[in-house]
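Engineer: quick one, structure for this:
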Amino acid sequence: MGKAHWLKILVPRREFFVRSAGTALAIVAAVSAAVGIADVHLPQPAIIALIFAIFIVSALINMRSLISPNLVVGKTMLPELTDDFFVRVHCPCDSRLTSEAKKLAKLCFSATYTIAPNVYDLLRAKNPYILACMTDSRGNFLGYFDMIPVKETFALQLKRGKITEEDITDEDVLAADEMRHCKYLFIAGLAVHNPGTQVGARNGSAMVWAMLKYLETFYVSQEPVAFAVAATKTGDELLQKSKFNLDGNAADRRDKSNFYSIVITREEVRWRLNRSPDWTGLCLLDWAPNVTTSRRSGPRRPRLPKAWARAPSAAV
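Structural biologist: Numbers count the residues shown, from 1 in each chain. Next comes the predicted model:
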């Protein structure tokens, strides 16, 4: 232990001296070249004073190498949480939020097969619980996810790649009072504004947590097969990281997108919740108001994910 202690002290100091010497030599070379070009002849005391000053400047430049960093903040810290950060996930959604969700879907998925806006209105009229929208503390729209309970005929045809998402009709969707009999759940989309920014990443994390809580509330008792079409590269990566099973290759499908599925059980949902930041207290869910705190109680930071454990068999 004593040897290790001295190594912890000496290694940074050795690095400091090596860096300082290198910086000093570089400065001396640059000054010598400049003096030579200018054909200036300095007296010996001035040369000694100049060299001394160069070494002091070099030491000051490399002083930070003696400080041991505790964290690489950019890679380890959670997205910034401001004092007024508080989000709410609405389900069902009003017409304003639905309109915002359509605009964002068009922006994100315009190059892929998507549900036409007029068809989507028919789906929501039959089952208003298919769409959930997130807003901030001022009511500004941040993002959405939609999950559509569908009949077996549509689910199997989509899995085989014979049809695309845009072929869905209201006849393929289960009404709100039929959700308890759901066997197939289509995860149609998830999107947030400005996903490449820190704020967008924070909102995306909260949205994924809300989606898992939504599944836990509405669908785990039925244990349906949930499936999704990876319409974008980001979606493909998210489904892989979420341990969905690849059930169809893009090359064999009409929509040219990978097809993923998983059985939604309580164990599967809890396994993923335990490995995600916990946004309870910062994210109010319309369908579970009793498990969150009000904004007046003040925000707290999300709980960090628990240690990795063996995944349920269906998630492997």
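Engineer: can you list the domains in the chain?
Structural biologist: Using automatic domain parsing, the domain ranges for the chain come out as 2-68, 83-315.
Engineer: now render those as JSON lines, adding mean pLDDT.
Structural biologist: Below are the domains of the chain laid out as JSON lines (pLDDT from 0 to 100):
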{"stretch": "domain 2-68", "mean pLDDT": "69"}
{"stretch": "domain 83-315", "mean pLDDT": "86"}
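Engineer: would you tell me which one of those domains is buried the most?
Structural biologist: domain 83-315 (a mean of 17; mean count of other CB atoms under 10 Å). (C-beta placed from N, C-alpha, C; glycine too.)
Engineer: from the chain's centroid, how far away is that domain?
Structural biologist: 14 Å (CA atoms, centre = their mean, to the nearest Å).
Engineer: repeat that for stretch 55-66.
Structural biologist: Relative to the chain's own centre, stretch 55-66 is displaced by 39 Å; criterion: CA atoms, centre = their mean.
Engineer: from L284, how far off is R124?
Structural biologist: 22 Å (CB to CB, to the nearest Å).
Engineer: next up, the contacts around P128.
Structural biologist: By CB atoms under 8 Å, 6 or more residues apart in numbering, the contact set of P128 is 92-93, 176.
Engineer: which of these fall within helices?
Structural biologist: Secondary structure assignment by DSSP state H places none of those in helices.
Engineer: any idea which of these is closest to K233?
Structural biologist: Closest approach between the contacts of P128 and K233, by CB to CB: C93, at 27.5 Å.
Engineer: the closest one and C133 touch, don't they?
Structural biologist: Yes: using CB atoms under 8 Å, C93 is in contact with C133, at 4.7 Å.
Engineer: residue contacts, G248?
Structural biologist: G248 touches 159-161, 258-259, counting by CB under 8 Å, 6+ apart.
Engineer: now, which of these lie within strands?
Structural biologist: 258-259 (DSSP state E).
Engineer: pull the most distant pair out of the contacts of G248.
Structural biologist: R160 and N258 (13.9 Å).
Engineer: mind listing what the most far-flung residue of the chain relative to its centre touches?
Structural biologist: Ranked by distance from the centre of the chain (CA atoms, centre = their mean), the top residue is P43, with 63.8 Å. Shown in contact with P43 (CB under 8 Å, 6+ apart): no residues.
Engineer: what's the spacing between it and L97?
Structural biologist: 80 Å.
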